[in-house]
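Trainee: sequence? don't have it. structure:
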Ligand SMILES: NC(=O)C1=CN([C@@H]2O[C@H](COP(=O)(O)OP(=O)(O)OC[C@H]3O[C@@H](n4cnc5c(N)ncnc54)[C@H](OP(=O)(O)O)[C@@H]3O)[C@@H](O)[C@H]2O)C=CC1
Ligand SMILES: CC(=O)N[C@@H](CCC(=O)OP(=O)(O)O)C(=O)O
């Protein structure tokens, strides 16, 4: 049966006071389909305000003042009854993983679809999920829901996302690497016996707004440091989405002293001597219907300045003179294509709208 296309959608955002939530608020406020039905913005259950009450959206995020009707909107304590009274159809969870693991099943039980920006529902394999130390009050129900959850990469799973109740928005590093490698792997161009090396660098907002010793200005400024070598939690997403083993892909993230943006440099041995045309065609054909991925013409390479504060993932490559080694560069804004704008792309697909509505 053809999917019914809604004219608008009643949305709500939990975790709006965070970095990803703020970007989501900005995108949804300006979304052409939501002009007459602005999202509901939600804080914790005990309220965004110190007294447990509501606060003005623009007191939390003064940068949103003047955008659409941002100045008339408030952020309320999270309350399932209120979500139902307001007729919310889609809930964005921009909260910590644990909260999203608990709230997604409750939302679905209330008939509310979910786009979860956390990692709570991204990983099908329990071994890959273990790194997040999630607990379920009803493990059997969680397992059923986990199997139903769709990994929210519109470029890979568009039709499944369109029909999903629970979409697990991908991780930021994972998005940059999966989008760079999916075309090559689908065309069987990579020599997997040689292994693929992924070296990524991220701005500090990737770690969220709560400061830690590793994101403190005195540590991050004027610095570049590797972390989570052989153990970053996004590796599982790469393994599952690209159908690789741990021997076939090696991922090392680094912290860059900039607020936002990710650049991934990916080293691939080719199965046979390649040509620039063959590789270019491989990427161009894969992304021909993907408005949020910009495939650059070799030898032009993506850079962080080209994607910061926009919704694209840029992909470019260069081939070695002997045609056997490929370097792919992938760039995105971790808070946008790595989080909030990818979530809006998923909402568009779930509502039956064009995936780029409100994003171009
Ligand atoms: N930052 C990034 O680049 C990316 C982040 N993500 C994921 O998106 C989610 C949000 O990330 P980010 O915005 O960076 O995180 P932040 O730490 O900046 O924000 C977290 C948000 O969650 C809220 N929150 C915390 N605990 C609870 C709770 N118990 N109940 C309800 N709300 C709660 C916070 O509210 P309060 O202000 O009251 O503390 C805040 O609004 C995370 O799951 C993260 O892993 C995904 C991709 C990229
Ligand atoms: C710089 C930095 O610390 N980045 C984060 C990536 C965050 C992200 O993508 O989000 P999820 O936690 O939802 O997977 C990290 O390495 O854990």
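Mentor: Looks like it arrived, so ask away. Remember, it's a predicted structure, so these values are computed and weren't measured experimentally. Ligands and ions are numbered 1, 2, ... in the order given.
Trainee: what's the average pLDDT for stretch 197-214?
Mentor: Confidence over stretch 197-214 (mean pLDDT, whole number) is 97.
Trainee: one more: stretch 21-30?
Mentor: 98.
Trainee: which bits of the stretch 251-360 of the chain sit near ligand 1?
Mentor: 334, 335, 338, 339 (C-beta under 6 Å from any ligand atom). Where you see a C-beta, it was placed from the backbone N, CA and C, and this is true even at glycine.
Trainee: redo that, cut-off 5 Å
Mentor: 334, 338, 339 (C-beta under 5 Å from any ligand atom).
Trainee: got a list of what the second one touches?
Mentor: It stands for residue 338. With contact set as C-beta atoms under 8 Å, 6 or more residues apart in numbering, residue 338 has these partners: 170, 171, 172, 173, 175, 176, 206, 262, 332.
Trainee: what of residue 106?
Mentor: So residue 106 contacts residue 80 (C-beta under 8 Å, 6+ apart).
Trainee: give me that answer again for 10 Å
Mentor: 80, 83, 91, 112, 114 (C-beta atoms under 10 Å, 6 or more residues apart in numbering).
Trainee: do the helix or strand hosting it and ligand 2 meet?
Mentor: Applying DSSP states H and E as the criterion places residue 106 in helix 97-109. No - using C-beta under 5 Å from any ligand atom, helix 97-109 stays clear of ligand 2, coming no nearer than 7.0 Å.
Trainee: now do the following helix or strand past that helix: distance to the chain's middle.
Mentor: Toward the C-terminus, helix 97-109 is succeeded by strand 113-116 as the next helix or strand (DSSP H and E). From the chain centre to the centre of strand 113-116 is a distance of 12 Å (C-alpha atoms, centre = their mean, to the nearest Å).
Trainee: cool, stretch 202-214 as well?
Mentor: 16 Å.
Trainee: contacting residues for the residue of the chain found nearest ligand 1?
Mentor: In the chain, the residue that lies nearest ligand 1 is residue 18 (2.0 Å; C-beta to the nearest ligand atom). Applying C-beta under 10 Å, 6+ apart, we find residue 18 in contact with 24, 60, 94, 95, 96, 117, 205, 208, 209, 210, 335, 339.
Trainee: correct me, but the first one touches residue 95?
Mentor: No - at 11.6 Å, residue 24 does not count as touching residue 95 under the criterion of C-beta atoms under 10 Å.
Trainee: quick one, which of the two is more surrounded?
Mentor: residue 24 (29 against 25; other C-beta atoms under 10 Å).
Trainee: in space, what's closest to that one - neighbours in sequence excluded?
Mentor: residue 340 (4.1 Å; C-beta to C-beta, 6 or more residues apart in numbering).
Trainee: the one you found reaches residue 30, doesn't it?
Mentor: No - counting by C-beta under 10 Å, residue 30 is not a contact partner of residue 340; they are 12.0 Å apart.
Trainee: the more surrounded of the two?
Mentor: residue 340 (28 against 15).
Trainee: that one belongs to a helix?
Mentor: Yes - with DSSP: H, G, I helix; E, B strand; the rest coil as the criterion, residue 340 is located in a helix.
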